[in-house]
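Q: could you look at this predicted model? Sequence included:
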Amino acid sequence: MIFKAPGGKIEADFPAASSRRENRKEANDLMVTIHQGRVRRIAEEMNRQGLDQLLITSMSSVFYLTSRRIDPGERCMAIYITGEGQATVLFNILFAIPEVEGARLLLYSDSENPVERLAGLIRPGKLGVDKTWPSHFLIDLMPRVPDTVMVNGSPVVDLVRMVKDEEELELMRRASRINDQAVARAIGMISPELTELQLSRATTEAYAQLGVKNLRNTPIVAYGAHCAEPHHGPDDTRLQPGDNVLFDIGKNIDGYNCDMTRTVAYRSAGELQRKIYQIVLEANLAGIAAVKPGVRCCDVDRAARQVIEKAGYGEYFTHRTGHNIGIDVHEFPDIGPRCELEIVPGMVFSIEPGIYLPGSVGVRIEDLVIVTENGCENLNSYTKELQIVG
C-alpha cells in the first residue's frame, strides 16, 4: 500500500507476514479454475460438429466452465476454446480475477479494445459464436478476421450442458429438497389476509429462512381464476373460499435452479376443480412414466398430452410439457411436441402439464426428473394429492 507520511513523503507500507498471507488467501478466493473435464467434453462435441474453435460468452456458460458467476455488464467477457481443448479466458481487469488455473488469461482495461485482443486468437476457418453475444462485438470482430466464417456455436455448448455431471446432479438434488421445504411453508401460510403479492413475498422470505441467498425472481402465486393464466403475475387479489391456489416456485441455489408447481384448494373444492385436478395429476404421472433413455422429448410430451386430450381438455393445455433445467431455468431442449431429440441419462427436465379454463379453473402440477439408465429419478417429494387447506 502507498501512503503519504507526515511531511509529505511518499512511502511504501510493506504488510506484515500475516497480512501477506491474508492477501494470498484473498487472491486464491478470486482465482478462477477452469473445469478441465467440461472443456474436454466441449472440445469433443466441437470435433463431432466439425468446429475447430469456439467463443463462449454467455454468463451461464462461463459459470459452467468456471463455477464463477461474473456479470460483465456492457463489457466483453469470453472464453476461447480450440478443438484441441485449449482454453483462453478474456476478462476486464475490473472483474478482479488475478489468475486462471487451467487456461491462458488475457486481461484488458477500459482503454483497450477487447475485440482486438480476441482477434489475435482466432484462426482462419469457422468460428462458433454464442447466440446471445451482443451484435456490436460481433460486428467489430468480423472485419478483423476476414478469413473466418462465423456460425452459431451454441448447439455445441447446449448439448454438453444438457447432460449434467454428478457434481451438478448433487447440486440440483439439494436445490429441489430446499424447494420441497419452501412449497410446504408457502402452503402453510395460505390465508385470506394475504393477497397474491403478499403471499409471493412471504414465499420468498421462506427461502431466505432456508438459507437461500439468491432471492431475485418472484414466485408465481395465483388465486381462483388467475390460476388459468399460466404465467400470472401476482397482484392485490384476495383469496376467496373455494379458490384454487397455484404456486410455481423455484430459485437459483448455489448456481443451479429448482422449479416446481403445486395447486391446492382453499376450504373447499367443487366437482369441476376435482375433475380437472385428477386429469392433470394423471398427465403428470404419465409423462414421468414415459421418461427413459432413447425416448424422444416429443414422446414424453405426447404421453402427458394425450391424457388431457382424451379427457376432452386438449385445447386448454396451452404449453409444452416441460423444459430442460440447470444453470438456467429454461435450457435446451424443450419437452414439447416438436422436439425429436432422444433423451439420455443425466438430463434434468420438468414435467408440468396443466389445464387452464379461462376465467374459471386452472391446475398445473410440476416435478423435475433426472434421466437415469433405465427410467428417471423424481427430484420432488412434496405430495401431489389434492389438498384442501384452511
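A: Right, received. Where do you want to start? Residues are numbered from 1 along each chain as shown.

Q: which residue ranges of the stretch 201-350 of the chain form strands?
A: Per DSSP state E, counting those that start in this stretch, the stretch 201-350 of the chain carries strands over the ranges 220-223, 244-249, 252-253, 256-257, 260-266, 322-324, 331-335, 348-351.

Q: mind giving me a markdown table with the ones you listed and columns for mean pLDDT?
A: A markdown table is the format used below for those (pLDDT from 0 to 100):
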| stretch | mean pLDDT |
| --- | --- |
| strand 220-223 | 98 |
| strand 244-249 | 98 |
| strand 252-253 | 96 |
| strand 256-257 | 98 |
| strand 260-266 | 98 |
| strand 322-324 | 98 |
| strand 331-335 | 98 |
| strand 348-351 | 98 |
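
Q: reformat those as JSON lines; add distance to Tyr207.
A: C-betas here are computed from N, CA, C, even on glycine. JSON lines is the format used below for the strands of the stretch 201-350 of the chain (distance: least, CB to CB, whole Å):
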{"stretch": "strand 220-223", "distance to Tyr207": "13"}
{"stretch": "strand 244-249", "distance to Tyr207": "8"}
{"stretch": "strand 252-253", "distance to Tyr207": "9"}
{"stretch": "strand 256-257", "distance to Tyr207": "13"}
{"stretch": "strand 260-266", "distance to Tyr207": "13"}
{"stretch": "strand 322-324", "distance to Tyr207": "21"}
{"stretch": "strand 331-335", "distance to Tyr207": "21"}
{"stretch": "strand 348-351", "distance to Tyr207": "19"}
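
Q: can you tell which of the ones you listed is closest to Glu74?
A: Nearest of the strands of the stretch 201-350 of the chain to Glu74, taken as CB to CB: strand 252-253 at 22.7 Å.

Q: not counting its own residues, what contacts that closest one?
A: Residues from elsewhere that reach strand 252-253 (CB atoms under 8 Å, 6 or more residues apart in numbering): 171, 174-175, 178, 212, 214, 216-217, 329.

Q: what strands line up against that strand, and which way round?
A: Partners of strand 252-253 in the sheet, by DSSP bridges, are strand 256-257 (antiparallel).

Q: re the thing from before, which of the strands of the stretch 201-350 of the chain sits closest to Gly287?
A: Gly287 lies closest, by CB to CB, to one member of the strands of the stretch 201-350 of the chain: strand 348-351, at 4.1 Å.

Q: which elements pack onto the closest one?
A: With contacts defined as 3 or more CB pairs under 8 Å, 6 or more residues apart in numbering; DSSP states H and E, strand 348-351 has these neighbours: helix 271-289, strand 322-324, strand 331-335, strand 367-371.

Q: how does it look with 10 Å?
A: Under the contact criterion of 3 or more CB pairs under 10 Å, 6 or more residues apart in numbering; DSSP states H and E, strand 348-351 touches helix 166-188, helix 271-289, helix 297-310, strand 322-324, strand 331-335, strand 367-371, strand 376-378.

Q: good, we can wrap up now.
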